[in-house]
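1. Compute the structure for the input listed below.
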Amino acid sequence: MKRTETTSGKGKSMLKSMFKWGDALLLVVVIVAVVLTIILATGHKSQYAEVYIDGELKYQLDLNVDTTLEILDGKMTVKVENGKVFVEHSDCDEQLCVHSSPIGKDGGMIVCLPNKVVIKTVSKKVDAIT
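-> Residues are numbered from 1 along each chain as shown. You can find the predicted model right below:
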């Protein structure tokens, strides 16, 4: 008895009968969409710093632009430099906000309780999950 098809030949013909070329194209599109969604969702970093005074958003600073901002009639100086924001000067007693580490694109928050100032980094991103 002579066999014309090998075992691997049966597997190939079975796959051809199960999947059409459109199915393969759809599978590739779905995989690319999933990979792009994961990259966009995980790779997005903060790009802005928001300055809240007494619970109200007063300023939004672009972390890509070096700038100096005096707030509370000169009582505090907030500075953006090299993609990071920090408090350069404050008239508060303990100076905890001045000694806080600069925050940047990886996120973070600086709080000055005596002056009721909160600085936090945020990102303007589209929700990739929905």
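
2. Tell me which stretches of this structure form helices.
-> Shown for the chain, the helices assigned by DSSP state H span residues 7-18, 21-42, 96-99.

3. Show the average pLDDT along the shortest one.
-> For helix 96-99, mean pLDDT is 93.

4. packing partners for it?
-> strand 84-90, strand 109-112 (3 or more CB pairs under 8 Å, 6 or more residues apart in numbering; DSSP states H and E). From N, CA and C alone the C-beta is placed, and that goes for glycine too.

5. And for it, what's in contact with it?
-> The set of residues external to helix 96-99 that reach it, using CB atoms under 8 Å, 6 or more residues apart in numbering, is 76, 87-90, 110-112, 115, 117.

6. buried stuff in that helix?
-> 97-98 (16 or more other CB atoms under 10 Å).

7. Tell me how far it lies from the chain's centre.
-> Using CA atoms, centre = their mean, to the nearest Å, the mean C-alpha position of helix 96-99 is found 25 Å from that of the whole chain.

8. would you put the C-alpha positions of it in CSV?
-> The C-alpha trace of helix 96-99 is given here as CSV (Å, rounded to 0.1, in the frame of the first residue of the first chain):
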residue,chain,number,x,y,z
LEU,A,96,9.8,70.9,53.2
CYS,A,97,8.6,71.8,49.8
VAL,A,98,11.9,73.4,48.9
HIS,A,99,13.8,70.3,50.0
